[in-house]
Each structure stands twice: as structure tokens, then as C-alpha cells.
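Engineer: fold the following.
(2 chains)
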Amino acid sequence: MEELFTISVYTENNPGLLNRIATIFLKRHINIESLNVSRSEIENVHRFTIVARMKELAVKKLVGQIEKQIEVIKAYYHTDDEIIFHETALYKMASSLLFEQREIQNVIKNSSANIVTVDPEFFVIEKTGRRKDTEELYDQLEPYGIMQFVRSGRISVSKTEMNISTLLDKLK
Amino acid sequence: MENSTNTNPTERISGAEAVVRSLLREGADLAYGYPGGAIMPIYDELYKYQDKLQHVLTRHEQGAIHAAQGFARVSGKVGVCLATSGPGATNLITGIADAQIDSTPLVCITGQVASHLLGTDAFQETDVISISAPVTKWNIQVTRSEDIPAAIAKAFYIAKSGRPGPVLIDITKDAQLGDLDYSYDKCTSVRSYKPVPKTDIEQVKAAAELINSAKKPFIVFGQGVILGEAEAEFKAFIEKAGIPSAWTVLGLSALPTEHYLNVGMVGMHGHYGPNKLTNECDVLIAVGMRFDDRVTGSLNTYAKQAKVVHFEIDPAEVDKNVKADVAVLGDSKDTLGKILPFINENKHDAWHNEFKKHWETEVEAVIDPQLNPTKEGLTMGEVINQVNKETHGDAIIVSDVGQHQMFTVRYADFTKTRSNVTSGGLGTMGFALPAAIGAKMGAPEREVVAYIGDGGYQMTCQELGTILQTGVAVKIVVLNNEYLGMVRQWQQLFFDKRYASTTMVNPDFIKLAEAYDIQAQKVSKREDLAGAVKEMIASDKSYFLEVMIEKEDNVFPMVPTGACVSEVRLS
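Structural biologist: Below is the predicted model of the structure:
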């Protein structure tokens, strides 16, 4: 059965690596649902967070191929119940709505979203949470007219330890 | 992020000179290549260092890389090749892909346009880093002169350590022309890269227990035995355990043909017994092989009755195609050495008799008609057998891709390891002629015989020019059936004899060879074969032998694509 997996990849900083990792998915016709790259808890070690849907046997092999890349330190895969994860969404709306459609203020308040900036022309709402939370807010705001919408890739931390620091110590 | 040793005093030299000196520091005294605009500074240095580093000018970059592959496969050293940017670099790609899938250590150096031109679609600019990423073990673009020595050191370390493979270094022209303070430190580790996984002794013991308890154990070995230089350990292991052992195409020559435990080849055109009995063994022991689809046929019916033990250096290969009950990770020399004390002495006579029975069936149905044909046309098998008689199995045998390749691996005799050079995983037609040139240079004291079909020969026959220029003594045997024989065989069997684009109208190959000053002979009749082969092997120069073969001969046994290995057909 296909499941949603979150793959965390700890790597050296190498510009070619994104290409190599993407190719591993492409070759197997696995669609990347979201991808995020950031620094990690270790200096000079980057962290890819990739979300994709496949069977567990497939993700196991895929992680094996990712780990085979020279500059990949370690890769892990997790199901949703093994991680804490979030996405962030931004909604750009017309500022006039705040005065003409007062109930929009309640929508924002009830969804515990934040207003990150207010400009004479527009204001920007930020909502962090699970996919259904950002979708729900989208549905509520849509009738008012969303000028722009964007959602980040998933970021996650695992409930269990990922022994990267000790692994690096051992490799030294 | 890399550890290194041997720090040396520095000296101010150009990036291009640093390339050549770094190659020399890695023990590379031979490189294959083709010059062009973006790599000219390096060629200028090669001119200066020509007494220390021999550069072989091939006639095409594909020739250069296949030659480097042939060199690496027979010598165990890293093959080096050079090409310019753009088309020079892209012409290497087929060989890089071939080396990647067949785990051949190569360092490829390509020139690149100056760094200020990168991304401008400059003349002969190609993004070779992106193009080569999926088919290299590692690659890097160097845009600063001072980064050259470390890149080369890391490249050699990665190419040859663990499961070997090709690496590519793309060096911009300005990095070649600029100066640096040169010192060379060999690379000894890369923190994110673990070439050899740690062997778990408990897995070794578990494997030994399974092997000792087996009534019908069967070994399939691949190139991992050769790459791990584990031939002696492998032989000791199979002899103590008394296990019939079959090889994959790339495992061939790790065990001498005449060894009493050598039962032949597995896979699509493998021997009858090994394929049939794969589905009767109780423990299947895979050593340094990766269960390629040409080996397994349908995975749904492959050795389902057997427990599987997998000796493997690359963790990503374990459970990739066939689930292992016990996986022994590590270097084959090490793991096979470690398991030996835990192995009980055994003979398995009754089990061996089953292989013998199947062998006799195959001799009668396939091998005897191939080696002692009663029909008029010559067979590929009898040509190869004739060469065996002259070389006594001591030659390095290079083959191209197609029917003749399968006949070669089935019928050529081997007494020494690292003697079978062929394009296994990628199946690259045109591989053999340049690979034979490299093989001869990698083992100059050995006889090198290349078997090539009339199709593949014409893909890279421009390399006759390389033979002319270097005087390298390779023996070329073109087995000419005036067809792209393997495709024609499939058209006959699976496409109702519709021979679409497989008929070859060929040139006069003798004139072609003679144009390159290579002694040449054509054989069309059986009675002329022995004399011609004798003359070819006796020659101390390169020699071209064309043998006209029965046009519509087929390779058997055969496991059709997607069929079960035990459904192997004899006709």
C-alpha cells in the first residue's frame, strides 16, 4: 500500500546534490510532493526534507540510493505518526477588506493565523500548521478574493533521535 | 571535509600543470583522450611531461573512454581519460554510463569554458555536470586553480575505493591557466562517504550456519570477487564447502574455466544446469553480484524455494531485487576470509551429479552442434574454440555486444582472473575495439583477442587509427554474419521473422584493415580456420581476422525476457 513518507537527508553543502537526489526520484517516476532545504543542527551540514508517496519497500530502496551519493551523510524515512511536521502558508489580501468586510478579522482570529504585514494596498496573513489547517483557511478566505497564495514545503523533526552528530564523530 | 596525508612543500605552477602532476602523483602514467579548445592548456602540459605520462590520442572521445575502461578492467588501476568541453564531454557519456553500471574505476577530466562564460551558451559550453550526474559515482566542476589538486585527489580516492566507479572533473579554462601554490595531498577519506560497510560477524556466522545446513547449495558469483581481489579466498571457500558455482557475465574469469566446481553461467544465455537448478537449490549464495534482470528472469519465480545469502559491498544492492535471508556486508576478500573457519567441509556429490546430467543434455543439444558442426556454415563457437586451442585460455578476451558476446562468454576458456572484458550492464556496441586497445596497454605481456560482430565493429572502427599510431598489438576477430545478429534472433523468435533494419551491407573489412597497415585475413571455409587462427596468434603485431559465419545461427540456451529461469530453452 502506498503511504506518505517524509525523507530527511543530511548532506554536505554541494550545489550538485539537489540534482542528484531529484534524479533518484525522477528515475523511478516518484513525484516529489514537497521539498525543503535548510541548514541543520550541525554546522555546515544541510538537511533536505522531502515528502513523497510510495510503498515502504520502495522508500527503503530509494533511501539506499540516496545514501549511496558520496556527499550524503545519512538519510531517514518516516511516516506521519513518527514526526512533528508543519507547513507555512502566506495569503495576500486586499487591505480594503479589513474595513469593508469586517468578518474577515474573525476568520483570521479564529484560525490563529498572524497578520505579518499591512500595506495601504494589501495585507499578508501567515498560517503555520498541517495541510488541512492551511487548506481550511484558504477555503474561508477564498470568497473574499485571494490576491496571492503560496505554501512552503513540509519541515519536520523526528520523535526519535537521528544520530547524525555521533555518526559524524565516528567518521572523523 | 576530506582527510589527507603527505603534505608537501608548495611551488607556484599553473592549474594545467597541477592536473598533470596530480595525475602522476596518483600513479597514472597513461591517459586516453582527444584535445580541443577548452582543454588546450592541459594538453600543453602533457607535451612538456610526455616522457612521464603517455597520452594516447584516440579517434573519438568514446574510443578514449572505452580504452580507459579496458585498461582499468585488466589492470585494476584507475583509467584516465581527457576530453574538451561540449561535444568532447558528451562523447564520453556512453562510456561513463558503461563504467558506472559495470563498476569500473575511471577519472575523466573535461575542459570547460572560462568561468565568466558559464551559463552564457558559449562556444562548446555544455552542462556536463548535470548531464553526467546520474551516471557518475561523483563529479565536480572546478573553477579555481587552487582547487585542482584536492579535486583530483578526491576523484581518485572515490573512483577506486569501495564499489568502484567513474568520476568526472570539469575544469574551466581559466582555472587551468591560473596559478596556484601547488602541493599534493592524497585523499584517504571523505566524511560523508563510507566505501566499505562494516562486516557484522554475527551475519557471517548466520551465513555459515545456513550454508552448512544446506543439502543443495548453489553459488552465483559476480564481478565483486574480481574487484575485491578475492579470487583465492573465493576458491578456498567453495572448495571447502564443495558448492557448485556459476558466474554472471562480469564474474567470468574469477574462477578458471576448468575448475571442478565451475558449473558455467547463469542468466539469459547461461548454461542449462545453473538456470534449471537455481529453482531447485535450497540455499542460494550470491557473491558480489546484483541480481540483474538478465540473470534472474522473472523475479516472481526466481529461486523462491531457496534461502538467500548475499555477500555484498554496496548496501543499496541488498534486497534491491532479491530479498536476502542473510546479508553479509563488506569487502569480498574480507568476508570470504572471515567465513572460511565457520564452514564445514562438504562434497554434495549427488547434487553435483544433477549439474552433470544437465551439462550432458546441453552438450548434446547445444554445445556439440556448436563446436563440431555438421552443417556447412561456420559457427561462432568453433571459431572461439579454435582460438582457445592456440591461446590455451591464457589470453585476455574482449567482446563487444550481441550474439558473438554471448558465444564468447559461453565458449572462451579462462585460466587467469581479470581476463574477460565486456560491456555487461550497459551492453554498449562499439565497446570492444577501443577496450581491447586499453586492455593490451594495461597488460602488455598478455595476448589480447577481441571478438566483435560486424555491427558493433562499425560503431568504433575508426580506432584502427589508434592501433596504427600506437602500434599496439591486439588481435581482432570479426564474426561476420551480415546481420545485427542478436536483434535478428529476437525478430525470428518473437517478431515473426520480420527482419526490420537488421541486415547489414558491409564494406570490405580486409581493405579497411589494410588501409591502417594491419595484417588481415578473411576465412569463409572451415578448412581455412585453424591455419588463420594459428597465424593470428603467432603474430607479434596487431592482426585482423574476419570469419564469415552461418547467417541465421542463434544463441541457445535462452531464457526469454520475463520468463522463469527454469524455463530455459535449448532451442
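Engineer: for chain A, which residues are neighbours of chain B?
Structural biologist: Within chain A, the positions near chain B by Cβ under 8 Å from any Cβ of the partner chain are A:11-12, A:16, A:19-20, A:23, A:27, A:44, A:60-61, A:64-65, A:67-68, A:70-73, A:168, A:171-172. No exception for glycine: its C-beta is placed from N, CA and C like everyone else's.
Engineer: of the residues you listed, grab the buried ones for ChimeraX.
Structural biologist: In ChimeraX, this line selects whichever of these come out buried by 16 or more other Cβ atoms under 10 Å in any protein chain shown:
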select /A:11,12,16,20,23,61,64,65,67,68,70,71,72,73,168,171
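Engineer: what about the residues of chain A next to chain B, which are in strands?
Structural biologist: Judged by DSSP state E, the subset of the residues of chain A next to chain B located in strands is A:Thr11, A:Val72, A:Ile73.
Engineer: run through the bridge partners of the second one.
Structural biologist: Using DSSP bridges, the beta-bridge partners of A:Val72 come out as A:Thr11.
Engineer: enumerate the residues of the stretch 201-350 of chain B near chain A.
Structural biologist: For the stretch 201-350 of chain B, the contact set with chain A under Cβ under 8 Å from any Cβ comprises B:Asp314, B:Pro315, B:Ala316, B:Asp319, B:Lys320.
Engineer: now, which of these sits nearest chain A?
Structural biologist: Set against chain A, the nearest of these by Cβ to the nearest Cβ is B:Ala316 (3.7 Å).
Engineer: what values do phi and psi take at A:Thr49?
Structural biologist: Dihedral pair for A:Thr49: phi -120, psi 110, per degrees, to the nearest 10.
Engineer: ok, it to A:Glu135 distance?
Structural biologist: As defined by Cβ to Cβ, to the nearest Å, A:Thr49 lies at a distance of 20 Å from A:Glu135.
Engineer: domain assignment for chain A?
Structural biologist: A:3-78, A:86-151 (automatic domain parsing).
Engineer: buried deepest among those domains, which one?
Structural biologist: With neighbours taken as mean count of other Cβ atoms under 10 Å in any protein chain shown, the domains of chain A reach their highest mean count in domain A:3-78, at a mean of 18.
Engineer: and for B:Gln244, the neighbour number?
Structural biologist: No, residue B:244 isn't Gln; it's Pro. Counted with other Cβ atoms under 10 Å in any protein chain shown, the neighbours of B:Pro244 add up to 24.
Engineer: I'd say it and B:Asn353 touch.
Structural biologist: No. Counting by Cβ atoms under 8 Å, B:Pro244 sits too far from B:Asn353 to count as a contact (10.4 Å).
Engineer: partner strands of the top strand by length along chain A and their direction?
Structural biologist: Assignment by DSSP E gives strand A:83-94 as the longest strand of chain A. According to DSSP bridges, strand A:83-94 forms sheet pairs with strand A:122-129 (antiparallel), strand A:148-151 (antiparallel), strand A:155-158 (antiparallel).
Engineer: contacts for that strand?
Structural biologist: For strand A:83-94, the surrounding residues in contact (Cβ atoms under 8 Å, 6 or more residues apart in numbering or on different chains) are A:6, A:34, A:104, A:116, A:121-131, A:134, A:137-138, A:141, A:144-159.
Engineer: what sits against the residue of chain A found nearest chain B?
Structural biologist: Residue nearest to chain B within chain A (Cβ to the nearest Cβ): A:Gly64, separated by 3.7 Å. Listed by Cβ under 8 Å, 6+ apart, the contact set of A:Gly64 reads B:Pro315, B:Ala316, B:Lys320.
Engineer: ok, now which ones touch the first one?
Structural biologist: Residues touching B:Pro315, when contacts are defined by Cβ under 8 Å, 6+ apart, comprise A:Gly64, A:Glu67, B:Pro197, B:Leu329.
Engineer: give me the pLDDT for the second one.
Structural biologist: The predicted local distance difference test score for A:Glu67 is 96.
Engineer: what residues does the stretch 51-200 of chain B put near chain A?
Structural biologist: With Cβ under 8 Å from any Cβ as the criterion, the stretch 51-200 of chain B meets chain A at residues B:129-130, B:133-134, B:137-141, B:158, B:189-194.
Engineer: of all the residues you listed, which two lie farthest apart?
Structural biologist: B:Ser130 and B:Ser189 (27.3 Å; Cβ to Cβ).
Engineer: before we move on, the earlier item: please save the CA atoms from the longest strand of chain A in PDB.
Structural biologist: Presented in PDB, the C-alpha positions along strand A:83-94 are these (Å, rounded to 0.1, in the frame of the first residue of the first chain):
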ATOM      1  CA  ILE A  83       7.400  13.000  13.200                       C
ATOM      2  CA  ILE A  84       6.300  16.500  14.200                       C
ATOM      3  CA  PHE A  85       5.700  18.400  11.000                       C
ATOM      4  CA  HIS A  86       4.400  21.700   9.700                       C
ATOM      5  CA  GLU A  87       4.000  23.800   6.600                       C
ATOM      6  CA  THR A  88       3.700  27.600   6.300                       C
ATOM      7  CA  ALA A  89       1.300  29.400   4.000                       C
ATOM      8  CA  LEU A  90       1.100  33.000   3.000                       C
ATOM      9  CA  TYR A  91      -2.200  34.700   1.800                       C
ATOM     10  CA  LYS A  92      -2.000  38.100   0.200                       C
ATOM     11  CA  MET A  93      -5.400  40.000   0.500                       C
ATOM     12  CA  ALA A  94      -6.600  43.500  -0.400                       C
END
